[in-house]
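J.: Here you go, sequence then predicted model.
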Amino acid sequence: MKYKFGFFPYTPLDYKAAQDYLDHKAAQGWVLRRLLLGYFAQFEPAQGRRHFVDVCSYASFGANYDYIQLCSDAGWELIPPTDLHYMVIFRSKPGVDPQPIQSDPAFEWKEFFRKQVLQRLIFAGLYFLLFWLPELVIGNFYSWAEFAALPGFPLLMLGMILTATVCPWQLFHIISYLLQCRRLGKMAPQRWRPNYLRSTFNFCFALVLTILWCAAMIGAFSLL
């Protein structure tokens, strides 16, 4: 059987765009088979299939069997868990016109707000902690003048500058989308392409930041 692969960078905030992306592939005759390492989608040829993406992370861990069974009875089959994204993805069963899983747009929006906004606030707090961590940790061993002379200082400063530049842009996007959903009283639709580009950028940014941070810490603590 012939397969097709694609990059899948979406986060729970983009789950509507993720569904639009998967349905775009389905319209071309490709249905999602599984995710590899959480970020690479494997598609298989199929006609007349659809996808449904939800942010019920507990279902992706298999904890809520009633929810999964309800979706199965409605004509959806669960794709292997997407734990890295805290999303759960279904595809319609062959030859079945499935019933919609989410039939109350207002309830869907309230559940998304309750489950995802707190998570985003936690991430924002972690970014803030990352920004000040050198003062909290290394400041106990070195003065800032001594710290600036450490081998990892340029890399660490670069990472801090990137964080201070990118995070406000990410926060602006999150707030703008949440306000749009609140104004509509439901989840606002998302197009797959703009969110695909933005999510890919976020993935690359997180990867670069992690590399810079690790390299800076190795350089700094090598002199302890």
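T.: Great, that's in hand.
J.: where in this protein is pLDDT low?
T.: Low-confidence segments of the chain, defined by pLDDT under 70: 1, 56-64, 81-85, 103, 118-121, 123-153, 155-156, 219-224.
J.: Show me the helices in this protein, by range?
T.: Counting by DSSP state H, the chain has helices at residues 15-27, 57-60, 65-73, 105-112, 118-136, 144-148, 153-184, 192-221.
J.: which one of the ones you listed lies closest to Phe8?
T.: Closest to Phe8 of the helices of the chain is helix 15-27 (CB to CB; 7.4 Å). C-beta: built from backbone N, CA, C; applies to glycine.
J.: coming back round to it: who wins for proximity to Val88 among the helices of the chain?
T.: Each of those has some distance to Val88 by CB to CB; the shortest is helix 57-60, at 4.2 Å.
J.: For the helices of the chain, give me a markdown table that also has mean neighbour count and distance to Val88.
T.: Below are the helices of the chain laid out as a markdown table (neighbours: other CB atoms under 10 Å; distance: least, CB to CB, whole Å):
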| stretch | mean neighbour count | distance to Val88 |
| --- | --- | --- |
| helix 15-27 | 21 | 10 |
| helix 57-60 | 18 | 4 |
| helix 65-73 | 13 | 8 |
| helix 105-112 | 15 | 13 |
| helix 118-136 | 13 | 15 |
| helix 144-148 | 12 | 44 |
| helix 153-184 | 15 | 20 |
| helix 192-221 | 16 | 18 |
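J.: closest to Pro98 out of the ones you listed?
T.: helix 65-73 (8.5 Å).
J.: same for the closest one, what does it pack against?
T.: The contact analysis (3 or more CB pairs under 8 Å, 6 or more residues apart in numbering; DSSP states H and E) places helix 65-73 against helix 57-60, strand 76-78.
J.: circling back to that earlier point, kindly present the helices of the chain as JSON lines, with separate columns for distance to Tyr3.
T.: Shown next, in JSON lines, are the helices of the chain (distance: least, CB to CB, whole Å):
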{"stretch": "helix 15-27", "distance to Tyr3": "12"}
{"stretch": "helix 57-60", "distance to Tyr3": "22"}
{"stretch": "helix 65-73", "distance to Tyr3": "24"}
{"stretch": "helix 105-112", "distance to Tyr3": "32"}
{"stretch": "helix 118-136", "distance to Tyr3": "33"}
{"stretch": "helix 144-148", "distance to Tyr3": "50"}
{"stretch": "helix 153-184", "distance to Tyr3": "33"}
{"stretch": "helix 192-221", "distance to Tyr3": "20"}
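J.: Out of those, which is closest to Glu44?
T.: Once the helices of the chain are compared by CB to CB, helix 15-27 is nearest, at 10.5 Å.
J.: Need the contact partners of the closest one.
T.: By CB atoms under 8 Å, 6 or more residues apart in numbering, the residues outside helix 15-27 that reach it are 6, 8, 10, 31-32, 41, 43, 46, 49-55, 87, 89, 91, 187-192, 194-196, 199.
J.: repeat that with 7 Å
T.: Applying CB atoms under 7 Å, 6 or more residues apart in numbering, the contact partners of helix 15-27 are 10, 32, 43, 49-53, 55, 87, 187, 189-192, 195-196.
J.: Just the angle for it relative to helix 105-112, thanks.
T.: Taking axes from the mean of the first three to the mean of the last three CA atoms, to 10 degrees, one finds helix 15-27 and helix 105-112 inclined to each other by 120 degrees.
J.: how distant is helix 15-27 from the center of its chain?
T.: 15 Å (CA atoms, centre = their mean, to the nearest Å).
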